[in-house]
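K.L.:
What follows is a predicted protein model with its sequence.
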Amino acid sequence: MNSNQNYSDDVKILNINNREIILIGTAHISKVSANLVDEVIRNESPDCVCLELDEKRFSSLKNAKKWENLNLKEVIKNQQLSTLLLNVALASYQKKLAKKLDIQPGNEFLIATNTAEELNIPIELCDRDIRITLRRTWKSLSLLEKLKLIFSGDDSGDIEKEIDEDLLAELRKTDVISKMIKSLGESVPSLKRVLIDERDYYLAEKIRLSKGNKVVAVVGAGHMSGIIEYLETDKKIDLSKIEKIPPVSFGWKIFGWSIPVLIIGSIIYIGINQGLGKAGENILIWSLANGIPAMIGALISFAHPMTILSAFFGAPLTSLTPVIGAGYVSAFVQINFAPPLVKNFTSVTDDFSSPKKWWSNKLLKVFLIFILTSLGSAIGTYVGAFKIFNNLFKG
């Protein structure tokens, strides 16, 4: 049975292969969107409700203590601290805007869930695993783009002052969103490709595969045009290609091991041709060039004394292997000697945009230590390598 309701422009009704698919484009911080979702589901009584969520985000949405339950040691052991940092950055930005309107971020999904459960309508989660999306996003960004994303927390000041439901209604319009996405594609193409384009056709395929002749799908307004295009053109989509973390290319593996091999080979060559004393001098150069900047990064972060020592002694060793970086070692030592408190986890998204809170919030301090010791070690690697290569043919 086709819908005969008159909804706002935020709702698009498609008839695809004798199925009715009702798309609701939402702003994740809008009360209007949340109310619209409830209205459409109740009016339409669909066979299925699709949500732009994966299992992890769905669980987090229903569990208010998602940050407190985080196993930070496992995150560091799996070398996913950078992914977590990106997650916190995005969550912080969204929470700041949502706070302005006194609404929980993603509330439309919670409303959709509660309404569907109340009416005994099956729910299908249609988004890609957030961990895959974040890791693919992080890998796609350049160093400059990563730093800009992390430290641009206060750039939203003007938006925060002006944002209201009228502005959100304007932003949900297809033409405005198309312009914004086009602008994003021009400024940061890789971010648009992973966060928007890939998920457009991932969501479209999952919605296509959902059960029932009438489906209501709740998605962010920014995905509407892409989803509609894929559904209406009936494009064949292979999801397996974008459900994987891109492996490090063979070329990057070679590059990653080339510096350690060249450094160790150069010191051995110096030892053979200039004597063991000169080799020892260059080992000291390498150790100090790596250890001091990494230690300074830990000092600037007001890290625990043992973390500062681990940065100094660990950086020269971690710089000789691409398997693990100095930042991860320092972060791991920090959480063992100065573990974040529960209150640090609960306030992390609020504190993220306040620079001074990075030193007082113990969880953000772990991120700060990770960033600054990694940066210090990277600088030290190139300084140390330059000096050793310069000494290679002396004597």
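P.N.:
Thanks, I have it. Keep in mind that this is a model prediction, so the values were computed, not measured.
K.L.:
Quick check: residue 219 is in a strand.
P.N.:
Yes: counting by DSSP: H, G, I helix; E, B strand; the rest coil, residue 219 is found in a strand.
K.L.:
Give me the neighbour count for it.
P.N.:
26 (other CB atoms under 10 Å). Just so you know, the C-beta spots here come from the backbone N, C-alpha and C atoms, and that holds for glycine as well.
K.L.:
Run through the bridge partners of it.
P.N.:
Residue 219 has these beta-bridge partners by DSSP bridges: residue 25.
K.L.:
which other helices and strands contact the top helix by length along the chain?
P.N.:
Using DSSP state H, we find that the single longest helix of the chain is helix 362-391. Under the contact criterion of 3 or more CB pairs under 8 Å, 6 or more residues apart in numbering; DSSP states H and E, helix 362-391 touches helix 81-100, helix 250-274, helix 276-300, helix 305-318, helix 326-337, helix 342-346, helix 348-351, helix 357-360.
K.L.:
tell me the mean pLDDT for stretch 199-206?
P.N.:
Mean per-residue pLDDT for stretch 199-206: 92.
K.L.:
Just the residues contacting that stretch, thanks.
P.N.:
50, 52, 124, 126-128, 133, 217, 219, 223, 226-227, 229-231, 235, 237, 239, 242 (CB atoms under 8 Å, 6 or more residues apart in numbering).
K.L.:
and the residues you listed, which of them are in helices?
P.N.:
Per DSSP H, those map to helices at 133, 226, 227, 229, 230, 231.
K.L.:
Narrow those residues to those that are buried.
P.N.:
When the ones in helices among the contacts of stretch 199-206 are checked for burial by 16 or more other CB atoms under 10 Å, the buried set is 133, 226, 227, 230, 231.
K.L.:
Redo those as a markdown table? Include distance to residue 381.
P.N.:
Listed next are those as a markdown table, based on distance: CB to CB, whole Å:
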| residue | distance to residue 381 |
| --- | --- |
| 133 | 30 |
| 226 | 41 |
| 227 | 45 |
| 230 | 44 |
| 231 | 49 |
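K.L.:
between those, which is nearest residue 260?
P.N.:
residue 133 (31.8 Å; CB to CB).
K.L.:
ok, that closest one to residue 347 distance?
P.N.:
Separation of residue 133 from residue 347 (CB to CB, to the nearest Å) stands at 25 Å.
K.L.:
Tell me which of the helices and strands packed on helix 362-391 sits nearest to residue 115.
P.N.:
Using CB to CB, those put helix 81-100 closest to residue 115, at 20.0 Å.
K.L.:
and the closest one, average pLDDT?
P.N.:
pLDDT averaged over helix 81-100 gives 69.
K.L.:
where does the stretch 1-150 of the chain have low pLDDT?
P.N.:
Within the stretch 1-150 of the chain, the ranges that satisfy pLDDT under 70 run 1-4, 28-29, 63-70, 90, 93-105, 143, 145-150.
K.L.:
Residue 349: how many residues sit nearby?
P.N.:
21.
K.L.:
Kindly indicate which of the ones in helices among the contacts of stretch 199-206 lies nearest residue 393.
P.N.:
Of these, the one sitting nearest to residue 393 (CB to CB) turns out to be residue 133, at 48.7 Å.
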